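A.B. asks: need coordinates for the following:
(one chain, ligands or ions: 1)
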Amino acid sequence: MTHSDTQGFNTRAVHAGQTPDPVTGAVIPPVFQTTTFMQDGIGGLRNGYEYGRAANPTRDALQVQLAALEGGKHAYSFSSGLAAEDALIRAALRPGDHIVLGNDAYGGTYRLIDRVLSEWGITNSAVDMADADAVRAAIEANNTKLVWVETPSNPLMKITDIAATAELAHAAGALLVVDNTFASPYLQQPLSFGADVVIHSTTKYIGGHSDASGGAVVVNDDALAEKVGFVQFAVGAVSAPMEAWLTTRGVKTLGVRMDRHSSNATAIAQWLQEQDEVERVYYPGLADHPGHELAAAQMKDFGGMLSVTFKGGAEAAKKIAESTQVFLLAESLGGIESLMNYPSDMTHASVKGTDLAVPENMIRLSVGIEDIEDLIGDLEQAFSALR
Ligand SMILES: *Cc1c(COP(=O)(O)O)cnc(C)c1O
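C.D. replies: I've put the predicted structure just below:
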């Protein structure tokens with residue numbers, strides 16, 4: 001069956017773009033592991049398929065699925081989240097244009113904008129996105145064309161009001177981009193709050209199994225969609241068929257995974273708060289988190305990511321990061337397995353020593369879907385290394 005917009009999230013996740021194979025009836029559409037398509041006479045394309053970079057049925061299936069989940073009209077999938085970001089910025093901006101982004105933006109996003117695209121005349125200001133006056137001032141002082149929000153942000157888990165920031169951006173003629181990687185479309189749908197573009201690293205929750213890299217751009221506007229589609233085709237950082245297929249498979253369980261990620265992370269956040277060695281727990285699900293009420297209003301649940309700082313400084317944080325057994329010490333996030341990361345030297349090493357540097361006494365947890373008793377047991381044994 002195909003999907004309809006009135007169906008629930010999980011029904012769309014399972015069925016959107018996943019029409020059974022018309023030739024064999026295979027319930028799961030096959031991986032079209034091909035780079036080219038035979039023509040029935042010159043220009044006689046079957047359903048428009050000609051060459052793999054331009055279009056591939058497996059990638060199309062994923063793109064339909066991603067658009068349906070974000071409630072967007074058009075989705076384009078890429079070989080990585082950063083490739084998706086690069087395509088969007090090339091499509092939407094010209095030399096002399098300016099981007100306002102969060103001062104705790106994903107390090108790779110900042111590196112792309114500040115160190116690569118700056119060479120092509122794109123300027124930026126990194127501000128505290130939770131501070132509306134700072135955002136407004138940065139927009140007004142510049143030729144801002146994109147306002148770039150991550151909520152929850154990485155790794156500080158700051159929450160930004162999507163609807164209010166969309167109004168600020170639109171008043172200045174800028175587009176609001178939301179990097180929805182941390183929340184996933186199951187927990188938060190930025191287009192419904194007025195965002196113009198949703199960006200994903202599908203490498204994380206959407207793929208969900210730490211086995212396929214990818215990125216996506218989702219938009220409603222037809223003209224912008226056409227430009228993004230052209231860059232996807234003309235630059236060519238497309239998803240490979242197998243990666244697209246794995247991502248498609250992962251997406252089908254996004255809802256059930258996010259429920260478990262959220263309940264496990266909530267239990268761990270509460271446990272961490274009770275430990276003497278802990279300075280502060282950064283999790284929007286905690287009542288004392290400054291963005292708690294906003295997160296409760298714009299998210300369905302609080303997700304699987306949390307960060308924690310230690311009274312014992314960098315030394316204590318590193319000791320914990322190196323003492324767990326179930327939590328694996330690794331970069332990335334959003335997979336079924338729990339991961340532990342020391343942002344200062346790992347995911348955020350590229351912003352060390354800049355205004356975007358993250359606390360050195362912080363670790364970030366990507367809480368997986370394992371049994372909560374085993375996860376807390378693992379943290380208990382790791383904390384014993386500090387005692
Ligand atoms: C990982 C990540 C990206 C970049 O995605 P890649 O797939 O690694 O290129 C962008 N934004 C956020 C929030 C991320 O976590």
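A.B. asks: quick one: Val31 and Ala240 touch, right?
C.D. replies: No. Contact between Val31 and Ala240 fails when scored by Cβ atoms under 8 Å: they sit 9.8 Å apart. (Each C-beta comes from the backbone N, C-alpha and C, glycine too.)
A.B. asks: what residues are shared contacts of these two?
C.D. replies: Taking Cβ atoms under 8 Å, 6 or more residues apart in numbering as the contact rule, Val31 and Ala240 touch no residue in common.
A.B. asks: and the residue lying closest to Leu329 once chain neighbours are set aside, what element?
C.D. replies: Spatially, and ignoring its direct neighbours in sequence, Leu329 is nearest to Met340 (5.3 Å; Cβ to Cβ, 6 or more residues apart in numbering). Secondary structure here is read from DSSP states H and E; on that basis Met340 sits in strand 339-341.
A.B. asks: what's the first helix or strand after that strand?
C.D. replies: Following strand 339-341 in sequence order, the next helix or strand is strand 362-366 (DSSP H and E).
A.B. asks: orientation of the next helix-or-strand element following that next one relative to strand 362-366 in degrees?
C.D. replies: Scanning forward in sequence from strand 362-366 by DSSP H and E, the next helix or strand is helix 372-383. With axes from the mean of the first three to the mean of the last three Cα atoms, to 10 degrees defining the directions, helix 372-383 sits at 160 degrees from strand 362-366.
A.B. asks: remind me what the lowest-mean-pLDDT helix or strand in the chain packs against, helices and strands.
C.D. replies: For the chain, the helix or strand with the lowest mean confidence is helix 107-111, at a mean of 91 (criterion: mean pLDDT, DSSP states H and E). Counting by 3 or more Cβ pairs under 8 Å, 6 or more residues apart in numbering; DSSP states H and E, the packing neighbours recorded for helix 107-111 are helix 81-92.
A.B. asks: against which helices or strands is the helix or strand that comes right after the helix it packs on packed?
C.D. replies: Using DSSP H and E, the helix or strand that follows helix 81-92 in sequence is strand 98-102. Of the remaining helices and strands, those touching strand 98-102 by 3+ Cβ pairs under 8 Å, 6+ apart are strand 123-127, helix 132-140, strand 144-150.
A.B. asks: so of the ones you listed, which one's packed in deepest?
C.D. replies: strand 144-150 (a mean of 25; mean count of other Cβ atoms under 10 Å).
A.B. asks: burial of the residue lying closest to His74 once chain neighbours are set aside, as a residue count?
C.D. replies: When the adjacent residues along the chain are set aside, His74 lies closest to Ala225, with 3.7 Å between them (Cβ to Cβ, 6+ apart). When neighbours are counted by other Cβ atoms under 10 Å, Ala225 registers 21.
A.B. asks: pLDDT wise, what is Ala138 at?
C.D. replies: Residue-level confidence at Ala138 comes out at 97, pLDDT.
A.B. asks: the residue nearest to it when sequence neighbours are not counted and the ligand, how far apart?
C.D. replies: Distance criterion Cβ to Cβ, 6+ apart; nearest residue to Ala138, sequence neighbours excluded, is Ser125 at 4.2 Å. Counting by Cβ to the nearest ligand atom, to the nearest Å, the gap from Ser125 to the ligand is 19 Å.
A.B. asks: who's in contact with the residue of the stretch 101-250 of the chain found nearest the ligand?
C.D. replies: Closest to the ligand within the stretch 101-250 of the chain is Ser201: 3.0 Å, counting by Cβ to the nearest ligand atom. Counting by Cβ under 8 Å, 6+ apart, Ser201 makes contact with 80-82, 84, 179, 181, 214-215.
A.B. asks: can you redo those residues as JSON lines with distance to the ligand, pLDDT and neighbour count?
C.D. replies: JSON lines is the format used below for those (distance: Cβ to the nearest ligand atom, whole Å; pLDDT from 0 to 100; neighbours: other Cβ atoms under 10 Å):
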{"residue": "Ser80", "distance to the ligand": "3", "pLDDT": "98", "neighbour count": "18"}
{"residue": "Gly81", "distance to the ligand": "2", "pLDDT": "98", "neighbour count": "26"}
{"residue": "Leu82", "distance to the ligand": "4", "pLDDT": "98", "neighbour count": "21"}
{"residue": "Ala84", "distance to the ligand": "8", "pLDDT": "98", "neighbour count": "30"}
{"residue": "Asp179", "distance to the ligand": "5", "pLDDT": "98", "neighbour count": "26"}
{"residue": "Thr181", "distance to the ligand": "4", "pLDDT": "98", "neighbour count": "26"}
{"residue": "Gly214", "distance to the ligand": "7", "pLDDT": "98", "neighbour count": "29"}
{"residue": "Gly215", "distance to the ligand": "5", "pLDDT": "98", "neighbour count": "27"}
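A.B. asks: and these, which two are furthest apart?
C.D. replies: By the measure Cβ to Cβ, those have their two most distant members at Asp179 and Gly214, which lie 14.2 Å apart.
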